Structures are given as C-alpha cells and as structure tokens.
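Asker: show me the folded form of this:
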Amino acid sequence: MPIDPVVEYYSDLAYGTALVLYLLAMVLHAVEYSVTPVPVTTAAGRVAAEGNGAVATLAPPDSTPMRGTPERVGRSAVALTGLAVLVHASSLALRGAAIGRVPWANMYEFTSAICWVAVACWLVALYRQGSAATSLRRLGGFVLLPVVVLMFLGGTVLYARAAPLIPSLNSYWITIHVSAAITATGILLVSGVASALYLVGAPAGSRIAARLPDSTTLDRVAYRTAVVAFPIWTFAIIAGAIWAEAAWGHYWGWDPKETCALVAWVVYAGYLHARATAGWRGSPAAWINVVGFAVMLFNLFFVNIVVAGLHSYAGL
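Answerer: Numbering: from 1, shown residues only. Here you go, the predicted model:
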C-alpha cells in the first residue's frame, strides 16, 4: 500500500501537539504541587501526640484562596491531559491510516503507543479514585514527566518515516503480541512511578513527601496496576513464543529481547509475591517493582537499539 504523505504529516502534527499539551499539563500539575499547603505540626498538637507516642500533623489554618487554587489548577491539568490523550490517539490512528497497518512497527511508533497507554491508564486510575482523586492527582506531574521525555525522544532521536512492514513483522501476530506488550509496558510505567514516589516519601519529615499522596495510596496504585499488567505481559510473552515458532521455527531461542522479557516477568512475579508476603510489604516490595520497570526500559531501549538480535528492528 502506498504511503499517504498528507495523512502522515497530520499524524506528526497531532503527535507534536499532544506533546505540547502533555508538557503544559505537567507544568500545571507542578504548579498545583508547589502551591498545595504543607501540613505543619503545632506545639499543642505535638504535646498531645507525644503523650500517645506519635507525632500529629495538623493542616494550616483555613485559607479558602490557597485551598481553592490547587484544586482549580489540578482540575485544569487533568482536563488538559484528557485533551492531549484524544489528540495523541488521533496521531496513532492517522499514522496507521497513512500506511494501512498497525502503528507500532518501529521504535518511534512503539514508544508513542506506550506513552498513550500510560496516560490513559493514569486517567482511568484517577477516575476510579472518586472522592480520593484530589490527593492522587498530585501524582500527575510525575506520571507525565517520563511520558514527555519519551515522546520527545520519540519525535527526535527515534523518529522514523511511515514505511511498510519489514518481512519479519508482516504477520497478524504483530497486532496480538505487540499490542499486548505495549499495553503491559504502559500500565507498568504508572506502577513504577507510584513505587518510586513511595520510596521517595518513605523518609519521615520530608517536604517532598508531605505533598504526595499517603504511602497507602501510592502502594495501592502501584500494586493494582501491576496486577492488571502482569497477566497481559504474560500473554505477550506466550504470544511472542508462538509467533517465533511460526517465523523462525522455534518457540524460544534465548534471543536478547526474549531473555530480557523473561527476566522482567520473573521480577514482576517476585514483586507481586513480595507484596503479598508479610515482612516484604512496603519499601522492599517497592524496590522490586522499580527494578522491574528498569528492566523493562533496558529491554525497550538498550536491547532494541544496541544489542544485535532477531528483534533488532528499531527502524533507526
């Protein structure tokens, strides 16, 4: 099928627009985070708390303007993020229409799709929080930061013009296997950010941690998103093995990408087990989750770009 340069142009335009909108939303989330009052401990509260063996933190005196400003800015950031997701989705759809195939056949397209899934997952998690969304919303800037970085790299260093599928990818399995890998990776990005912030907020008395959601919320977001992503990642590995047998004549050849994907699976299995095991909950489990996402990033960039193997199809 011939490439439609006009549709490709509008796809790239939508991609750049989405990136700008994500950046603006991230800035608004940063403003919300910075103007959110930090809980303080009063002398009376400290004396009463020390009598019970704890330290109490009391909110600052009622201040309607200060309380209203973070709320308005945060809601604006979420609305802008929602608009960016729609524009981003149109970029992916137009990319596919320009060449008549799924829009995730090279590193530029793959990274773009991962970022879209990550932000969509974040918005769903925020929506499901209901009344607790105000606290969780302050995670928005931290979720959008890696998305903005990845999309910037995708639009510059990793960018590739729309082109037909190379022979090794010209299979219906690219729709099944790769879409599952994209979905799992995007969801795990949110999980990894939540666990990283859990570890940042672990030291008591940190001013950074004071504005973050409480550790229980961060732990819950990290765990629930990982629970959703893990079976999808499992399916992606199984589907990849079936595709490998059809394409190369064997289910598993210990290709670098296959091996790294299996390592990531083992680490996440360890995280889910640790999270459910007494004595490993909290920081130890969070560290395992962060290591798991680091392995995913290593697999995405280093293995695809640097290491030679059967999966070296970055299109750079």
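
Asker: quick one: contacts for the nearest residue to L145 once chain neighbours are set aside?
Answerer: What sits nearest to L145 in space, not counting adjacent residues and going by C-beta to C-beta, 6 or more residues apart in numbering, is M26, at 6.3 Å. All C-beta atoms are positioned from the backbone trio N, CA, C, and that covers glycine. With contact taken as C-beta atoms under 8 Å, 6 or more residues apart in numbering, M26 is in contact with A77, G140, G141, L144, L145, V148.

Asker: mind listing the strands for this protein?
Answerer: Under the criterion DSSP state E, the chain carries no strands.

Asker: can you list the domains in it?
Answerer: Annotated domains of the chain cover 1-164, 165-316 [automatic domain parsing].

Asker: got a winner among the contacts of M26 for most neighbours?
Answerer: When neighbours are counted by other C-beta atoms under 10 Å, L144 leads these with 29 neighbours.

Asker: could you check how far it is from V263?
Answerer: As for L144, its distance to V263 is 28 Å (criterion: C-beta to C-beta, to the nearest Å).

Asker: for C115, same thing?
Answerer: Remark: distance between C115 and V263 (C-beta to C-beta) = 23 Å.

Asker: again, but for V31
Answerer: On the measure of C-beta to C-beta, V31 and V263 end up 39 Å apart.

Asker: please apply the same query to V6.
Answerer: V6 is 43 Å from V263, where distance means C-beta to C-beta.

Asker: quick one: which of the two has more around it?
Answerer: When neighbours are counted by other C-beta under 10 Å, V263 comes out ahead of the other of V6 and V263, with 15 against 10.

Asker: contacting residues around the more buried one?
Answerer: V263 sits next to V295 when contact means C-beta under 8 Å, 6+ apart.

Asker: what does the model give it for pLDDT?
Answerer: For V263, the model assigns a pLDDT of 95.

Asker: again with the one 4 residues further on
Answerer: In the predicted model, V267 carries a pLDDT score of 96.

Asker: ok, it to L144 distance?
Answerer: Relative to L144, V267 is positioned 25 Å away (C-beta to C-beta).

Asker: ranges for the helices of the chain?
Answerer: Remark: helices assigned in the chain by DSSP state H are 5-35, 43-51, 64-99, 107-129, 133-136, 140-155, 173, 179-200, 207-211, 215-248, 256-275, 283-298, 304-305.

Asker: lowest average confidence across these, which one?
Answerer: Taking the mean pLDDT of the helices of the chain, helix 43-51 comes last: a mean of 38.

Asker: residue closest to the middle of this protein?
Answerer: Within the chain, one residue has its C-alpha closest to the average C-alpha position: by C-alpha atoms, centre = their mean, that is L189, at 2.7 Å.

Asker: tally of neighbours for the residue nearest to it when sequence neighbours are not counted?
Answerer: Nearest residue to L189 in three dimensions, chain neighbours excluded: A118, at 4.2 Å (C-beta to C-beta, 6+ apart). Using other C-beta under 10 Å, A118 has 26 neighbouring residues.

Asker: likewise W122?
Answerer: For W122, the neighbour count with other C-beta under 10 Å is 28.

Asker: any idea how many residues pack against the nearest residue to it once chain neighbours are set aside?
Answerer: The shortest distance from W122 to any non-neighbouring residue, by C-beta to C-beta, 6+ apart, is to V143 (4.8 Å). By other C-beta under 10 Å, the residues close to V143 number 25.

Asker: V143 reaches V193, doesn't it?
Answerer: Yes. Using C-beta atoms under 8 Å, V143 is in contact with V193, at 5.3 Å.

Asker: which residues do these two both contact?
Answerer: Shared contacts of V143 and V193, defined by C-beta under 8 Å, 6+ apart, are absent.

Asker: contacting residues for the spatially closest residue to N289 that is not a sequence neighbour?
Answerer: Nearest residue to N289 in three dimensions, chain neighbours excluded: S195, at 4.0 Å (C-beta to C-beta, 6+ apart). By C-beta under 8 Å, 6+ apart, the residues touching S195 are L218, D219, A222, A285, A286, W287, N289, V290, F293.

Asker: and the residues you listed, which two are furthest apart?
Answerer: D219 and F293 (15.3 Å; C-beta to C-beta).

Asker: contact partners for the residue nearest to the centre of the chain?
Answerer: By C-beta under 8 Å, 6+ apart, the neighbours of L189 are I114, A118, C121, V143, P146, V147, F293.

Asker: how about a cut-off of 7 Å?
Answerer: A118, P146, F293 (C-beta atoms under 7 Å, 6 or more residues apart in numbering).
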